[in-house]
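Asks: Sequence and predicted structure, then a few things I'm wondering about:
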Amino acid sequence: MSVLSLADVYRARRRIEGRVLRTPLLESPSLSAIAGAPVFLKLETVQPTGSFKLRGATNALTELAAQGCRKVVTASTGNHGRAVAHAARALGIEATVCMSALVPDNKVEAVRALGARACIVGRSQDDAEQEALRLVREQDFAYVPPFDDLRVIAGQATIGLEIVEALPDVAHIVVPLSGGGLFAGVAFAAKSAHRAIRMSGVTMARGAAMHASLASGRPVLVEEVDTLADSLGGGIGLENRYTYQLTRDLIDDTLLLDEDSIARGIVHAYRHERLVVEGAAAVGIAALLDGALHDAPAPRGPLVIVVTGANIDIELHRRIVNAAPAQSPSRETT
């Protein structure tokens, strides 16, 4: 029996309604031409905090607020912390966000701008989590996990509901893969509607904790390193309760991308889709450009790529786009 139910997901949707956007699902002519089938982009980039994380954070904090909670802490690679800060401010809750030194400055400043306390500690997501858990033990904070929490997973799963409702014949959904909260939620909602929907998880080749854990058959530690897909960094926790099991049971394939591929995804999103996206959000596009999704069976219907966030440092984005050739490779325009 699954640890998550559809009732949890529908409750999450009711809870976050009016606080989180139902995001656009738009067809991409350029990517459809490459794939030989309709390709749609689920644009979580338009959320008020610039990423999908607002869904899970809002679901969790709304429930905590109803229980009388007034003080929360979380650990984050940036986007979850921004989402917690946003939801906490709206609900009148004090928020502290623990982040490692690897989190980009623009994401740290965005957390502070929303009125939350930013606590920078260590060089990994695990270090940040240990500090957050210390505050829970010593200062009576309520902890809002970034992914391994049923309230968070249910909030992210509302993306899957929106996809299958808007596109009932969707055949393949491509989701960035990190701690598994997003992937597990979207896959659970999608496969609950149509078990045959293919679910691909895409991540960076450097420091991919969920991929390494799935390959090992259990949660494992990985070294966290710098990557363009910084939002996909961090471990999944050796005591992982939910996302490892759900991801293991629902994933059809895992795709790894090098840094050049991620950069190409960022450039394509900008030049062909008119989207500014961060590295973690570009991995689905990059996988298609690389031909990695072509290893799947022949298309049976539309493909959806979840585009997760827009919170890239704008100077980094400028350097990536300016460094790319003026003419895109021919495979991108055929």
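Replies: Ah, there it is.

Asks: For the rest of this, base every contact and every neighbour count on C-alpha atoms.
Replies: Fine.

Asks: for this protein, what are the low-confidence residue spans?
Replies: 1, 295-299, 326-334 (pLDDT under 70).

Asks: now the helices for it?
Replies: 6-16, 29-35, 53-66, 79-91, 105-113, 125-139, 150-166, 181-193, 209-216, 243-250, 259-273, 279-290, 314-323 (DSSP state H).

Asks: how about the shortest one: buried residues?
Replies: Going by neighbour count (16 or more other C-alpha atoms under 10 Å), the buried part of helix 29-35 is 29-32, 34-35.

Asks: Quick check: the farthest pair among those residues?
Replies: Farthest-apart pair in the buried residues of helix 29-35 is Pro29 and Ala35; separation 10.0 Å (C-alpha to C-alpha).

Asks: Turn the helices of the chain into TSV, columns for distance to Thr23.
Replies: TSV is the format used below for the helices of the chain (distance: least, C-alpha to C-alpha, whole Å):
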stretch	distance to Thr23
helix 6-16	13
helix 29-35	19
helix 53-66	11
helix 79-91	16
helix 105-113	21
helix 125-139	28
helix 150-166	8
helix 181-193	14
helix 209-216	26
helix 243-250	23
helix 259-273	16
helix 279-290	15
helix 314-323	23
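
Asks: Of those helices, give the one that comes closest to Lys42.
Replies: helix 150-166 (7.7 Å).

Asks: who touches the closest one?
Replies: 4, 8-10, 12-13, 16, 22, 25, 42, 52-53, 55-60, 145-147, 170, 181-182, 184-190, 193, 242 (C-alpha atoms under 8 Å, 6 or more residues apart in numbering).

Asks: Mark which of these are buried, thanks.
Replies: Buried among the contacts of helix 150-166 (16+ other C-alpha under 10 Å): 4, 9-10, 12-13, 16, 22, 25, 42, 52-53, 55-60, 145-147, 170, 181-182, 184-190, 193, 242.

Asks: give me every residue that touches Thr62.
Replies: Taking C-alpha under 8 Å, 6+ apart, one finds 15-16, 87, 91 in contact with Thr62.

Asks: go with 10 Å
Replies: Counting by C-alpha atoms under 10 Å, 6 or more residues apart in numbering, Thr62 touches 12, 15-16, 56, 69, 87-88, 90-91, 151.

Asks: Next: Arg70.
Replies: Contact partners of Arg70, counting by C-alpha under 10 Å, 6+ apart, are 61, 64, 88, 91-95, 141-142.

Asks: Let's see that with 8 Å instead.
Replies: 92-94.

Asks: could those go into JSON lines alongside neighbour count?
Replies: Compiled in JSON lines, the contacts of Arg70 are given as follows (neighbours: other C-alpha atoms under 10 Å):
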{"residue": "Gly92", "neighbour count": "12"}
{"residue": "Ile93", "neighbour count": "20"}
{"residue": "Glu94", "neighbour count": "18"}
